[in-house]
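> from the sequence below, what's the structure:
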Amino acid sequence: MPPSADSGAPPMPDRKRLPRIPEPEVMSDAGEAAAYAEADFLEVNAMFTARLLALAGRRRQAAVVDLGTGPAEIPVRVARARPGWRVTAVDASVPMLRAARRNVRAARAGRAVRLVRADALRSGLPAGAFDIVFSNSLLHHLPEPGGLWQEVVRLAQPGALIFVRDLRRPPTRARARRIVAAYAGGESLRLKESFYNSLLAAFTPAEIRAQLRRAGLRSLRVVLHTDRHVDVVGRLP
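Okay, the predicted model is just below:
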C-alpha cells in the first residue's frame, strides 16, 4: 500500500520515461523552414563537420551522400574543407531545398555539391555508390526509422564510413525545456517550439541500439556526444 501524505516516508521515484511524440517527417511549412534556415547553427554544424572529417581521415577524394540535408550548410562546409569530395545532398522539403540552393550558390560550391529532391529513405540514388554516408538531425523526424538504416546499407559501399548524429530524448519534459532555454534561448519562439518538439520526438540511445540490431548494423557504435546529441559511427563490413 502506498504511504499516506503524512506518513513521513519519501515519495517513490517515477521510473516512467518520457514517451516519444513523433513530429512531421518533412518540414514542408515555409515559415518553419525559414526559421530553421535562419537559425544560428554555426557551432553545431562546425562540430559535425569537424567530427566527420576526423573520422574520414586525410582522404582527398570521396563520393559522399548527406541524407536530410536541410539548407545544405554541412555539405558546403565539407566542400570547402575537402575540394576533391563530391557530395550528393538529399532532402524532400521544397522550402529547405530553396534555402540549400541559395547557400550552395553563395558558396560557389555547385561543382562539389549536388542537390537532390527525394525521400531520404527512398532516394533512388545508385546502390553501393558512396564511400561516406552521413546524416544530421534526420532520425527524429521519422515515424519508422528502420527505413533510414536500410537506405544507409543500400547506398554504402563495403567498408563505407557511416556517421549519423541526432538529438536524444530527455527523460522529462522539464529537462527538454531546460535544454531549449540553454541552447536556443535567443532564438525565435517558433524555433524554440520546434526544438522542444524535436527533443520529444527523438530516440533514446537504447532505442537506436535496438534499431541497429534489427537492421543488422552491429558494426556501428552508439556514442553519447553532448547532453542533447547522440552519434552513430562506424564502417560497414
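> got any ranges where this structure has weak pLDDT?
Applying pLDDT under 70 to the chain picks out residues 1-16, 25-40.
> what's the closest non-adjacent residue to the residue nearest the centre of it?
For the chain, Ser137 is the residue whose C-alpha lies nearest the centre (C-alpha atoms, centre = their mean; 1.9 Å). Counting by C-beta to C-beta, 6 or more residues apart in numbering, Ser137 lies nearest to Asp166, which is 5.8 Å off, once chain neighbours are set aside. Placement of C-beta: from N, CA and C, glycine included.
> SS state for that neighbour?
Taking DSSP: H, G, I helix; E, B strand; the rest coil as the rule, one finds Asp166 in the strand state.
> so what's it bridging to?
Applying DSSP bridges to Asp166 gives these bridge partners: Val230.
> change the start of the numbering to 11 and stick with it
From this message on, residue numbering opens at 11, which makes the last subject Asp176.
> tell me how far it lies from Arg185.
Using C-beta to C-beta, to the nearest Å, Asp176 is found at 17 Å from Arg185.
> what about those two, which has more around it?
Set Asp176 next to Arg185 and count neighbours by other C-beta atoms under 10 Å: Asp176 wins out with 25 against 15.
> contact partners for the more buried one?
Ser145, Asn146, Ser147, Leu148, Leu149, His150, Ala212, Phe213, Ile218, His239, Val240, Val242 (C-beta atoms under 8 Å, 6 or more residues apart in numbering).
> against Gln71, how distant is it?
28 Å.
> try Thr214
Using C-beta to C-beta, Thr214 is found at 37 Å from Gln71.
> picking that back up, in this structure the residue nearest to the centre of the chain contacts Arg178, no?
No. Ser147 is not in contact with Arg178 according to C-beta atoms under 8 Å; the separation is 11.4 Å.
> just want to know which of Thr214 and Gln71 has more residues nearby.
Thr214 (17 against 10).
> got a list of what that one touches?
Taking C-beta under 8 Å, 6+ apart as the criterion, Thr214 is in contact with Arg27, Arg178, Arg179.
> just checking, the first one touches Pro180?
No. No contact is recorded between Arg27 and Pro180 when judged using C-beta under 8 Å, the distance being 9.4 Å.
> neighbour count winner among these two?
Neighbours were counted for Arg27 and for Pro180 using other C-beta under 10 Å; Pro180 has more, 20 against 12.
> now do the buried residues in stretch 101-109.
Asp101, Ala102, Ser103, Pro105, Met106, Leu107, Ala109 (16 or more other C-beta atoms under 10 Å).
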